[in-house]
Every structure is written in C-alpha cells, then in structure tokens.
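J.: Structure, please.
(one chain, ligands or ions: 1)
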Amino acid sequence: MCGIVGYIGDRPAYPILIQGLKQLEYRGYDSAGVSLLGEGMSVFKKKGKVSELENHIGNKKLLATAGMGHTRWATHGEPNDINAHPHVSNNGHLVLIHNGIIENYAVLREALTREGYTFTSETDTEVFLNLIEAYQNKEKLSLADALSMALSQVVGAYAIVVADDRNPDVIVAARKQSPLVVGMGNDEYFIGSDATPIVRHTNKVIYLKDNEIAILDRNEGVTIKDSKNVVQKPHIEEISLRIEELEKGGYEHFMLKEIHQQPQTVSDCMRGRLNNQEGWVKLGGMEEYGGLFENAERIILAGCGTSWHAGLIGEYLFEDLARIPVEVEYASELRYRNPVIREGDIVMAISQSGETADTLAALEHVKGKGAMIYGVVNAVGSSIARLTDAGSYIHSGPEIGVASTKAFTGQVTLLSMAALWLGKRRGTISSSRYRTLISALARIPEQIAETLKVEDQIKYIASEMTAYNNSLYLGRGYNFPVALEGALKLKEISYIHAEGYPAAEMKHGPIALIDENMPVVVVATNQSAYDKILNNIQEVKARKGTVIAIVSNGAKEISKFADHVIEIPETAEPFSPLLSVIPTQLLSYHIASLRGCNVDQPRNLAKSVTVE
Ligand code: M6R
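T.: Residues are numbered from 1 along each chain as shown. This is a model prediction of the structure:
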C-alpha cells in the first residue's frame with residue numbers, strides 16, 4: 001500500500017516526483033503529497049488523487065533538486081489533507097513519508113506528548129517522525145543515526161524516507177517488511193516503493209533488505225548500512241522493466257489492457273518451460289529441488305484474494321495429476337495458526353506482488369519448521385521471491401489494475417506446468433495423458449485469444465446486469481474457484497454484491513436468494529459434471545433467476561435453459577479455468593465501466609496489501 005518516491009540529483013525534483021507518483025498511484029489513492037528540499041523546505045499535500053495535488057500546486061516554480069513524494073492508502077486516520085504525507089516534525093526541519101504501520105505508536109505518542117511534542121494529524125507516521133527529532137535533539141545525532149535509534153523503538157512494518165532541511169544534500173530511507181528500491185543514476189539517486197517510478201531514469205537498482213538504511217548523498221553517493229550501523233556492500237541489479245509496460249497502450253483502463261494481454265502473458269509464462277513438439281514440461285526451480293518435490297508428503301498452497309483462488313485450482317491440479325495431498329490456506333489465517341508443518345512438506349506461496357504482508361508473514365511463520373518454501377510470484381526481486389528457498393516467476397509483466405487478471409492466469413498456468421512436471425516425475429500420470437495435456441496447455445494462448453472474441457456479447461450482457469445489486473457465481477470441480485474469482489472481480493470493481501459457490505452447495509442455502517432479481521453466472525465448461533450443472537441451471541430457472549452460462553463450444557443442452565450462453569473453446573478439463581475465467585473478467589470490467597466505477601482504482605483498495 002502507499003507509494004513512495006524520492007529523488008536527489010541535479011535536475012528539478014518536482015517533475016520526477018509527480019511523474020513517479022502517477023506511476024505509483026495503483027498502490028493507494030486516498031491522498032498525495034510532495035516535499036521539496038533546497039533553500040528551506042516546502043510541502044504540498046492534498047486529499048484524493050495525484051491530479052488533485054497537481055492542480056493544487058498549479059504553476060508554481062519549483063526548482064529544488066531533492067525531494068520526496070507519497071501516495072497514500074489510509075491506515076491510521078481518515079483520508080484528508082492533514083493526514084496526508086509528507087509530515088513535518090515539531091521543529092519544522094524534518095520531513096518524512098511512510099508506508100506501513102507503526103504498531104506501538106500510541107505508547108510512543110504518549111511518551112512524546114509528555115516531553116511536550118504536539119501532533120496535528122492522527123497518523124502513526126507523525127509520531128515516528130517526532131521520535132526521530134527527539135533523538136536528534138537529545139543525542140545530537142546525524143539524521144541516519146537518529147532514524148536508526150528511533151527504528152529500534154518501533155514495532156511494525158515500514159518503508160520510510162526522511163530528510164532534514166538543514167542538510168538538503170542527504171535523503172535517508174529504511175525498510176522492514178515493506179519494499180524499497182534505490183535507483184542508481186549518474187550522479188543522481190532515486191528511491192521508490194517499487195521500481196516503477198525509477199525505471200524511466202535508470203535500470204540500475206538496489207533492493208534494500210529488511211532493517212537496512214540507505215543514505216542517498218548528493219556528493220558521496222549511496223551508502224547502505226545494516227541495523228548495527230555496519231556499511232554493506234550494495235548489490236546493484238539491472239532490471240528489465242520497460243516504460244511501455246507501465247502505460248495503457250491505447251486501452252481505456254489498465255485492467256482491460258491486462259485482460260487482452262493474456263494470450264501473450266500466458267505464452268510468456270510457458271516459454272522455455274513447455275515444449276509441445278518434444279513433449280516435455282520443466283520448471284528450473286522445481287528441478288533444483290526435484291527429490292524433495294518427488295517425495296513430498298503434502299503441498300500447502302498459501303496466498304490471499306485472487307492468488308488464493310489460483311491456489312484452489314492448484315489443489316485440483318496437484319491432487320489430480322501428481323497425487324499429492326494438498327491444503328490451500330489463506331495466508332492471513334496461516335500466519336496466526338499453530339500449523340502442523342513437517343519435513344517433507346512443501347509450502348508454495350502464491351503472490352502477484354510478492355509483497356503481500358499476510359503472505360510474507362505466513363512464510364516467516366512456517367520458515368524453520370522443516371518445510372521447503374517455494375514462491376510462485378510475478379514481481380521479480382520482490383520480498384517473497386527473496387524469502388523463499390526456490391521459486392518460479394510467472395512472467396506476466398507489471399500488473400497495474402488493482403483487480404488481478406493476467407496474474408491469475410499466469411499463476412494457474414505455472415501451477416498447471418508444476419503439476420504436470422510432478423505427475424510425470426512421480427509416475428502418477430500416464431505417458432499418453434501427459435502428452436495430451438501438454439498439447440492442450442500449449443494451445444491455451446491461442447484459445448484465450450479466441451475466447452476474448454466474446455467481448456461484444458459480454459458488453460450486451462453487462463448492460464443488462466448493471467441494474468442488479470446482487471449476483472451469484474456457480475461452478476464445480478476445477479471451475480468452482482473460477483466462480484469465486486468471478487464473484488471477487490465483480491464486487492471489487494463494480495461494488496455489486498456477488499458470491500461464488502460450488503454449484504451443488506446452492507441448494508444448501510443460497511437457493512433461498514434466487515428470484516427474478518438474482519442473475520446467476522454458471523461456469524459450465526466441465527466435461528465431467530456437465531449433467532449435474534445442467535440440473536443446477538434448471539433449479540435456478542425454476543425460481544426465475546437469470547442464468548448466464550459459460551460453456552464450451554457446442555454445449556447445446558444448456559442453451560435451452562440459460563438466458564445467455566457464452567461459448568468458449570473447449571480444452572482439457574484441468575486447464576478449463578484458464579479459458580472460463582476470461583468471460584468473468586470481461587463481464588466485471590464492462591459492468592463496472594458501465595456503472596461509471598473507477599475500474600483501475602476501486603474505492604478502499606490498493607494493489608499491494610503491504611499492511612495487515
Ligand atoms: O499481490 P498478491 O497476489 O499477493 O495479492 C493478493 C490479493 O491482495 C489480490 O489478489 C487481491 O485480492 C486482488 N485485488 C484481486 O483482484
């Protein structure tokens with residue numbers, strides 16, 4: 001949550017910061033602010049989006065060559081101008097932006113109040129900032145040392161950038177459980193909560209590690225210190241992110257672009273890992289731990305939101321193809337349980353951002369209990385990618401829309417390859433089925449492209465669905481998680497209440513909701529449970545519900561009962577979610593768009609949930 005950008009160099013900082021904030025807006029959009037350091041310090045902040053901050057600043061001449069910017073996803077204190085970052089300390093010299101939560105801020109606030117400190121906002125950030133000031137005042141410390149002392153007093157997760165207008169040649173940053181990236185330009189340095197605001201200036205970056213402090217000095221360059229104040233040798237990496245990847249490319253929204261990118265992103269995920277002609281699939285990270293995977297007693301898949309749904313499909317895949325027992329865990333629950341984890345278990349963490357606080361914490365929680373930890377991650381170099389023992393990137397490219405689409409199909413593609421590889425290695429899948437499934441998986445990108453052609457029909461269905469306030473999504477087997485995912489997508493971007501259910505569970509409760517005001521989306525591409533789904537559809541129709549059925553081409557029977565039938569290409573059942581999810585993504589997108597919702601930045605949400 002919250003986007004952070006900082007700059008120090010010889011160019012005017014403001015355009016760099018504002019451009020960076022626009023790039024980071026997907027991380028939070030409750031308020032935005034910048035601070036510039038040159039002769040003195042100036043701070044501008046405004047509730048709402050970066051564009052509102054820009055309007056507020058207007059044509060002011062801002063030539064300072066150092067500064068920081070923040071886009072906020074509110075945790076402590078409502079979104080308003082006062083709670084917006086940056087915050088300024090009591091003596092007016094320190095300025096700070098922060099991502100994360102200082103859990104013990106109430107105690108610190110009390111202690112500081114007793115010392116005479118006052119607070120204008122309700123934020124934990126302002127408390128922390130004044131703690132730094134207090135250390136500076138009491139112990140006459142440099143900014144970096146005062147920050148280090150203050151950090152030793154706080155409990156929580158943070159990424160922080162702080163500066164002192166009495167020394168505008170230095171910006172200091174620190175992180176714990178919240179990402180920070182330092183960009184290394186030519187005599188200019190950047191800081192970002194991810195690489196997106198940095199990439200147009202330099203591709204050389206340092207990913208700060210937990211508890212490290214970075215000192216960006218205009219004259220002396222970048223120094224990294226650990227929590228014991230020991231200077232670290234920085235590991236400078238080259239990133240391959242391209243600016244075009246961060247732009248909408250002619251689409252109205254990032255989400256729509258990302259939906260349409262899926263033929264390419266799924267193909268990218270398979271590149272070098274699946275060879276249809278030669279009939280093999282392999283994943284480097286898994287091969288490295290081949291013995292462990294082969295003899296695994298259990299696989300635990302952990303994630304949140306859409307990534308958790310991908311995990312549910314992983315459960316079907318691993319059990320079906322590799323015959324290994326699987327458990328799927330909400331990371332947010334796993335982290336607070338006392339789970340039984342043994343040697344021989346494999347914990348697979350699924351995350352687009354690689355920064356989700358709950359998933360990271362769940363991994364920390366199980367680490368050291370004997371299981372091997374494997375990451376299925378999109379964001380290269382992210383915290384989860386670095387915490388795991390091994391892993392596979394899904395190679396979906398930056399996903400900017402808050403609603404996850406291409407990352408979901410990337411995750412499911414990766415898990416499909418993993419299950420196939422493991423099934424072959426464990427001898428739980430016949431050679432002919434292995435071969436057939438490889439061919440089926442290889443065809444998925446072109447079949448996604450084919451599936452996307454239903455968009456016009458979906459626009460029409462969407463125009464009918466905008467009027468409803470509720471909807472139900474049903475699916476069975478491999479497509480039950482698609483029902484959950486379809487419902488999540490609809491509610492998060494259109495604010496229509498939606499629930500996903502295994503179709504057979506409908507008659508155990510939700511059927512009571514069905515009447516002429518309840519559209520029901522039925523994912524009915526399964527070959528195995530086709531007749532049963534047909535029954536479920538009839539049960540809905542008998543109660544006057546409107547049925548929108550997603551079926552494989554030629555499913556004639558269902559069209560007799562459903563109000564709308566969306567036909568998509570047929571594939572092998574284990575991979576059917578990769579196709580059936582596409583119409584659900586398009587449906588949510590078009591309903592939300594027709595309802596005038598902010599599709600890419602739905603209310604109350606942020607792209608990466610780096611707080612609990
Ligand atoms: O980055 P992650 O995959 O770890 O994120 C997990 C969830 O926060 C995420 O999938 C969320 O549910 C999306 N907004 C769903 O579209």
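J.: Give me the number of neighbouring residues for residue 116.
T.: 8 (other C-beta atoms under 10 Å). Bear in mind the C-beta positions are built from the backbone N, C-alpha and C, glycine included.
J.: Helix or strand: which one has it?
T.: According to DSSP states H and E, residue 116 maps onto no helix or strand at all.
J.: swap in residue 565?
T.: Per DSSP H and E, residue 565 falls inside strand 564-568.
J.: Could you check which residue of the stretch 501-612 of the chain lies nearest the ligand?
T.: At 4.7 Å from the ligand, residue 609 is the closest residue in the stretch 501-612 of the chain, using C-beta to the nearest ligand atom.
J.: How about the contacts made by the spatially closest residue to that residue that is not a sequence neighbour?
T.: Distances taken as C-beta to C-beta, 6 or more residues apart in numbering put residue 356 closest to residue 609, at 5.4 Å, once the chain neighbours are dropped. Counting by C-beta atoms under 8 Å, 6 or more residues apart in numbering, residue 356 touches 303-304, 307, 331, 384, 608-610.
J.: could you redo the last one with a cut-off of 7 Å?
T.: Residues in contact with residue 356 (C-beta atoms under 7 Å, 6 or more residues apart in numbering) are 304, 331, 608-609.
J.: Also residue 241?
T.: Residue 241 makes contact with 195, 199, 398, according to C-beta under 7 Å, 6+ apart.
J.: which one among those gets closest to the ligand?
T.: Distances from the ligand to the contacts of residue 241, taken as C-beta to the nearest ligand atom, are shortest for residue 398 (11.9 Å).
J.: And the pLDDT for residue 1?
T.: Residue 1 carries a pLDDT value of 68.
J.: Run a quick neighbour tally on the residue lying closest to residue 33 once chain neighbours are set aside.
T.: The shortest distance from residue 33 to any non-neighbouring residue, by C-beta to C-beta, 6+ apart, is to residue 45 (3.0 Å). Residue crowding around residue 45 was assessed by other C-beta under 10 Å; the count is 24.
J.: Name the SS class of residue 45, please.
T.: strand (DSSP: H, G, I helix; E, B strand; the rest coil).
J.: Please report the distance of it from residue 457.
T.: Plainly put, residue 45 is 46 Å away from residue 457 if you go by C-beta to C-beta, to the nearest Å.
J.: likewise residue 532?
T.: Counting by C-beta to C-beta - residue 532 and residue 457 are separated by 25 Å.
J.: next one: residue 543
T.: Distance check for residue 543 against residue 457: by C-beta to C-beta, it reads 25 Å.
J.: Return the residues of the stretch 351-500 of the chain in contact with the ligand.
T.: Contacts of the stretch 351-500 of the chain with the ligand, taken as C-beta under 6 Å from any ligand atom, map to 351-353, 356, 359, 402-404, 488, 492.
J.: Looking at the residues you listed, which are in helices?
T.: 359, 488, 492 (DSSP state H).
J.: got the domain boundaries for the protein?
T.: The chain breaks down into these domains under automatic domain parsing: 3-245, 248-442, 448-599.
J.: From start to finish, how long is the last one in a straight line?
T.: The first and final residues of domain 448-599 sit 22 Å from each other (C-alpha to C-alpha, to the nearest Å).
J.: Now do it, average pLDDT.
T.: Here the average pLDDT along domain 448-599 is 92.
J.: so how far is that domain from its chain's centroid?
T.: From the chain centre to the centre of domain 448-599 is a distance of 25 Å (C-alpha atoms, centre = their mean, to the nearest Å).
J.: now the contacts of residue 241 in JSON lines, with pLDDT and secondary structure?
T.: Shown next, in JSON lines, are the contacts of residue 241 (pLDDT from 0 to 100; DSSP: H, G, I helix; E, B strand; the rest coil):
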{"residue": "195", "pLDDT": "88", "secondary structure": "coil"}
{"residue": "199", "pLDDT": "90", "secondary structure": "coil"}
{"residue": "398", "pLDDT": "89", "secondary structure": "coil"}
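J.: And the residue of the stretch 401-550 of the chain closest to the ligand?
T.: For the stretch 401-550 of the chain, C-beta to the nearest ligand atom, closest residue to the ligand: residue 404, 3.8 Å.
J.: got the contact list for the closest residue to that residue other than its chain neighbours?
T.: Leaving aside its sequence neighbours, residue 404 sits nearest to residue 306 (C-beta to C-beta, 6+ apart; 4.0 Å). Contacts of residue 306 were listed using C-beta under 7 Å, 6+ apart, and they are 404, 408, 485, 488.
J.: now those as TSV including neighbour count?
T.: TSV is the format used below for those (neighbours: other C-beta atoms under 10 Å):
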residue	neighbour count
404	28
408	31
485	32
488	23
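J.: Filter the contacts of residue 356 down to the ones in strands?
T.: Nothing among these maps onto strands, per DSSP state E.
J.: Lowest-confidence entry in the residues you listed?
T.: The lowest pLDDT within the contacts of residue 356 belongs to residue 608, with 73.
J.: how about the nearest residue to that residue, chain neighbours excluded?
T.: Nearest to residue 608 is residue 353, by C-beta to C-beta, 6+ apart, at 3.8 Å.
J.: And for the one you found, the neighbour number?
T.: Count around residue 353 with other C-beta under 10 Å applied: 24.
J.: if we can go back for a sec, tell me the pLDDT at the residue nearest to residue 609?
T.: pLDDT recorded at residue 356 is 92.
J.: could you measure it against residue 194, distance?
T.: 13 Å.
J.: before we move on, what about residue 386?
T.: Residue 386 sits at a distance of 14 Å from residue 194 (criterion: C-beta to C-beta).
J.: The two: which has the busier surroundings?
T.: Regarding residue 386 and residue 194, a neighbour count based on other C-beta under 10 Å identifies residue 194 as having more, with 29 against 15.
J.: my guess is the more buried one is in a helix, correct?
T.: No. Read with three-state DSSP, residue 194 is coil and lies in no helix.
J.: distance of it from the ligand?
T.: 12 Å (C-beta to the nearest ligand atom, to the nearest Å).
J.: likewise residue 135?
T.: Going from residue 135 to the ligand by C-beta to the nearest ligand atom gives 35 Å.
J.: ditto for residue 286
T.: Residue 286 sits 20 Å away from the ligand, going by C-beta to the nearest ligand atom.
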